[in-house]
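S.K.: Okay, predicted coordinates and the sequence, questions at the end:
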Amino acid sequence: MDAWAGRIGVVSGRYHSHGENDAPETTIELFGRCEDGASICLLVSGLRPTFEIATMGKRSKDDPITDAELHRIEVLRQRSDIVDVRGPVWKWTDLGEKPVWTVEAIQPFNVPSLRTDLIKQSWMIYSGDIPFVNRLFLDNDIGMHLAIEGHIVDSREWDDEDDVHKINVMKHGGVGRYAVDRTVAVTLEHVKQSEPFPVPWRILSYDLETSIAHNTILCAAVWVEDMATGDRRVYEYKGAEDLIMEQMTKMVRNEDPDIITGYNIDNFDFPRMVERMEHHTSRKQWKARSNLLGWGRTPHLETECNRSRTGVLPRRQSNRAWNLGGRAIVDAWWQARQALKPQRETLSFISKLLFPDQEDMQKMDIDASNMDVEWANRPDEVMEYCVRDAALPLDILHAIQAIRRKEAVAAVAKVPFETASNGSTSQLLDSLVVRLADRREVAVPLTGSAEAKEGQITGGYVHDVEAGLHPWIAVLDFKSMYPSIMIGHNVCYTTRIDPSHPEQPGDDDEIHTSPTEAMFWSTSYRKGLVPTLLEDLMGQRDEHKALLKQARQDEQAEKEEFHDAMQYAVKILMNSFYGVFASGFYRFTHKDLGSSITAWARHNIKAIIQKLDEEGHHVVYSDTDSIFVRSPVAEGSPSVLREDDDQETIDAYEAAKQAMIDFGLEVAQRYSKDSAVLEYEKGLSVFFSHGAKKRYVGQVVYPSEEMLIRGYETQRTDSFEYLTTAMKQTFQYALTDDGDALIQHALETVAAVKKHEVPARRLILAKSCKGRVDSNGVVDFTKDYARPESMAQVRAAKILIERGLGFTPGMKISYVVTNASNRPMQVHPWIESEDDGGIPGYDGRFYAERLAAALGRITEAFGWNAKELFAGNRQTSLFSF
DNA sequence: CTGGTGCCCTAC
DNA sequence: TTAGGTAGGGCACCAG
């Protein structure tokens, strides 16, 4: 058999159980792509399913193992469903140091029932809910980029008329011939971590056009791209529905992509294909089902069709991401929504946003709401449209660098690509925390074993804002506040001092006591897992940032992109720690962790605010980890420069700016203490707020020149463009203290919309709309909304559904208010393909009122309130009440 | 008209 | 069945 060595990127993994009960074997199948471009299935043998047990109750190293305990272990060893019991090893637990035995089960799927049984027999279970594939990543300390030394057991080009290769694959623990270029067998010890490298993924993007009348698939288009070269190929399918599906399935298995994408495939294309598969076949016809939709990397087998996850057929558990054996399914809609937070979420809107110059990409030449007629009359154009819509998701994923960013997250968290793209935050952290716990001999509790968190913990402190304009504001920020608190105070599940714990500090022990009175060991006694990991991540980030800078200098674009993605991934991961550890369910959670972190944060920031105030430096605003403080500049210093200003004024402005910078840097230095680093983030020549927390605007003059807006309607995706633009202009005037122009502009914009002089396109509102679609396509809103009919976006969505225009739960619904004089107000969905969105006009009064309300908060500081803005003058309103 | 509730979206 | 957190503003709706 040919030896094979090389580097691979892992998309996802799963396991296959085989062997007899008296000689059970479990093989891990890792799927992915080799550095040379070939796809691969790696068969890893040698890992056995295990978990750990210990006795109940408190314990310390002073309590030796008793004969009774050894007897209990011996009884377990005799059980037919236990292969072996090894140990013990003394490990840290929240109830003291305990001897921990390792129990080997027959197969991974036997673990849950065995676990339950042992709990009934009063055993504590540790590491008992780690998915088997994860065990390999943890034990070998590997991530998604691997270096392998194995041997080839199968290759795509080999003929196999007499099943020789199939039998060989099965002999090495496989389920049969995999639909990959090469299948490589390897033993546990030859699976090693490699340096990260850009994996030459193959991505497939597809789009279906379907009949509105019959739900059938009319045609399909597919693009396949090799990321290494950028080469793309297109496939088109039409004709009988079952033939379309069979041909597509053959193509998928032949092209063998690692990642499958499309626009809204999670909620439309995949559910539709499964539904059509079920229409054409019964559950028993596994072969026919495989032929229609067997897109996984595994052979077409009955067992593969019956797998509830990572099998040959696409599946999903409830509303989570779809899964498929050996490939990752990444919806371009979801990625774009997360990355761009767009105002609207249709494919055409996103395309226009990302590729404004490419008009042919956006041309809407097909009436999707009338697809059956369009297909009957001009099938070629429909196909062209379908081909274009299949290509766009690839362009979108490139534009937002979605794949490389997920790959970087996977590399940092040391998980397969699929876990980074579709998994939860706690899975990413688990990967790092559990592997360190194993190395440190800390027992790993089960998820859900922690005491449930009752109610909410108190969060960050938000200082009241003073309404109005404030000149020369220095903005100071704590650098990674929560992570640095966790490091600085050694906050961890494993360092918390519980009054009932056998391990108690003596008088000489220095400990950290939080404002909530929770106590933590200092690092000199024992350093926590979390502080260790966070420090390591901080170091990694600095490294990548330095290499990024170097690559930029050397103009090495690829390297620059890589280190930027890596440093960003590290940042994301670091910021996830607090949230997961403050959650109620994580395995290493205790309610004191989260509340201590936020208590320290509030304590620190309030102390600084008070000290600054005592020094005479007024703090105008503060939120969680930031402080906005008035700088001591010369009295009468200008904070705005105008074109005709004389040199003296310019000099005074520059002097004030310099004073602010000096002040900011000085304060940052003086108030930084150990790991709590206060940074001088930026300087504002003017800061404005109407007096509401989390809503402000500022003119940044250091380190760059820009307008900074937070919270206001300009930042919100459920506002309308006309308001957003008007408000931005208003802020410009506010920051230059030009009250007259500000009021004039506000009055004009309100008056214009009142008189219907504004095109409806500028008044589109959009809000996310939940709902559940059942198998018949009926949408139920009552599970998500207390009163669905009272939600404007639901009413608009119902009109869309009625007209056969499709509805995706979670997607934004665009609508225009057509009549707000009655409650609930009348709304109309905006339909891009129709003239003027297919709406019968708009309610000018409604929009004028909303605009006046929003702008009125700003203009109030300049003497005009919302009612006056709406009326258009101040006099009448004085007498109107 | 007012106050309470449900919901969305944002800042950190 | 399903997994990062809390603080906060503001809108629409609805009961009284």
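M.R.: Nice, thanks for sending it over. Because the structure is a prediction, the values reported are computed rather than measured.

S.K.: Dig out what A:Val697 forms beta bridges with.
M.R.: For A:Val697, the beta-bridge partners are A:Phe688, A:Ile709 (DSSP bridges).

S.K.: wouldn't it be in contact with A:Thr730 here?
M.R.: No - under the criterion of CB atoms under 8 Å, A:Val697 makes no contact with A:Thr730, lying 9.4 Å away. Quick note: C-beta positions are derived from backbone N, CA and C, even for glycine.

S.K.: In the stretch 51-200 of chain A, what residue spans correspond to strands?
M.R.: A:82-93, A:96-105, A:123-126, A:145-155, A:182-187, A:191-193 (DSSP state E, counting those that start in this stretch).

S.K.: ditto for the stretch 501-650 of chain A
M.R.: A:511-513, A:519-521, A:619-623, A:626-630.

S.K.: I'd like a version of those strands in JSON lines, one that adds mean neighbour count and mean pLDDT as further columns.
M.R.: Shown next, in JSON lines, are the strands of the stretch 501-650 of chain A (neighbours: other CB atoms under 10 Å; pLDDT from 0 to 100):
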{"stretch": "strand A:511-513", "mean neighbour count": "15", "mean pLDDT": "97"}
{"stretch": "strand A:519-521", "mean neighbour count": "21", "mean pLDDT": "97"}
{"stretch": "strand A:619-623", "mean neighbour count": "21", "mean pLDDT": "98"}
{"stretch": "strand A:626-630", "mean neighbour count": "22", "mean pLDDT": "98"}
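
S.K.: what about the ones you listed, which gets the closest to DNA strand B?
M.R.: Shortest distance between DNA strand B and these, using CB to the nearest atom of the strand, is found for strand A:619-623: 4.4 Å.

S.K.: what's that closest one in contact with?
M.R.: A:460-463, A:465-466, A:470, A:473, A:605, A:609, A:612-613, A:627-630, A:687, A:689, A:693-694, A:696 (CB atoms under 8 Å, 6 or more residues apart in numbering).

S.K.: Output it as PDB, restricted to C-alpha atoms.
M.R.: This file holds the C-alpha atoms of strand A:619-623, laid out as PDB (Å, rounded to 0.1, in the frame of the first residue of the first chain):
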ATOM      1  CA  VAL A 619     -17.000  63.400  32.800                       C
ATOM      2  CA  VAL A 620     -19.800  63.900  30.300                       C
ATOM      3  CA  TYR A 621     -20.500  60.200  29.500                       C
ATOM      4  CA  SER A 622     -19.300  56.700  30.200                       C
ATOM      5  CA  ASP A 623     -20.400  53.300  29.100                       C
END
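
S.K.: can you tell me if that strand touches DNA strand C.
M.R.: No - using CB under 7 Å from any atom of the strand, strand A:619-623 never reaches DNA strand C; the gap is at least 7.9 Å.

S.K.: helix, strand or coil for A:Arg435?
M.R.: helix (DSSP: H, G, I helix; E, B strand; the rest coil).

S.K.: can you tell me which residues contact it?
M.R.: Applying CB under 8 Å, 6+ apart to A:Arg435 gives the contacts A:Phe137, A:Leu138, A:Asp141, A:Lys414.

S.K.: could you give me the average pLDDT of the host helix or strand of A:Tyr235?
M.R.: When elements are defined using DSSP states H and E, A:Tyr235 is found to belong to strand A:232-238. Across strand A:232-238, pLDDT averages out at 98.

S.K.: Tell me which residues are up against that strand.
M.R.: With contacts defined as CB under 8 Å, 6+ apart, strand A:232-238 is touched by A:218-225, A:244, A:247-248, A:251, A:255, A:379, A:383, A:386-387, A:390-391, A:394.

S.K.: what do you get for stretch A:745-760?
M.R.: Under the criterion CB under 8 Å, 6+ apart, residues A:722, A:726, A:729-730, A:733, A:763, A:816, A:836-837, A:839, A:841-842, A:844-845, A:847-848, A:851-852, A:855, A:858-859, A:864, A:869-870, A:872 lie in contact with stretch A:745-760.

S.K.: Off-centre distance for that stretch?
M.R.: On the basis of CA atoms, centre = their mean, to the nearest Å, stretch A:745-760 sits 39 Å off its chain's mean C-alpha point.

S.K.: Can that stretch be said to contact DNA strand C?
M.R.: No - taking CB under 7 Å from any atom of the strand as the criterion, stretch A:745-760 and DNA strand C are apart, separated by no less than 13.5 Å.

S.K.: Now that stretch: buried residues?
M.R.: A:His745, A:Ala746, A:Leu747, A:Thr749, A:Val750, A:Ala751, A:Ala752, A:Val753, A:Lys754, A:Val758, A:Ala760 (16 or more other CB atoms under 10 Å).

S.K.: Include distance to A:Asp94, pLDDT and secondary structure when you put those residues into a markdown table, please.
M.R.: Shown next, in a markdown table, are the buried residues of stretch A:745-760 (distance: CB to CB, whole Å; pLDDT from 0 to 100; DSSP: H, G, I helix; E, B strand; the rest coil):
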| residue | distance to A:Asp94 | pLDDT | secondary structure |
| --- | --- | --- | --- |
| A:His745 | 62 | 98 | helix |
| A:Ala746 | 60 | 97 | helix |
| A:Leu747 | 65 | 97 | helix |
| A:Thr749 | 61 | 98 | helix |
| A:Val750 | 61 | 97 | helix |
| A:Ala751 | 66 | 97 | helix |
| A:Ala752 | 65 | 98 | helix |
| A:Val753 | 61 | 97 | helix |
| A:Lys754 | 65 | 96 | helix |
| A:Val758 | 62 | 98 | coil |
| A:Ala760 | 61 | 97 | helix |
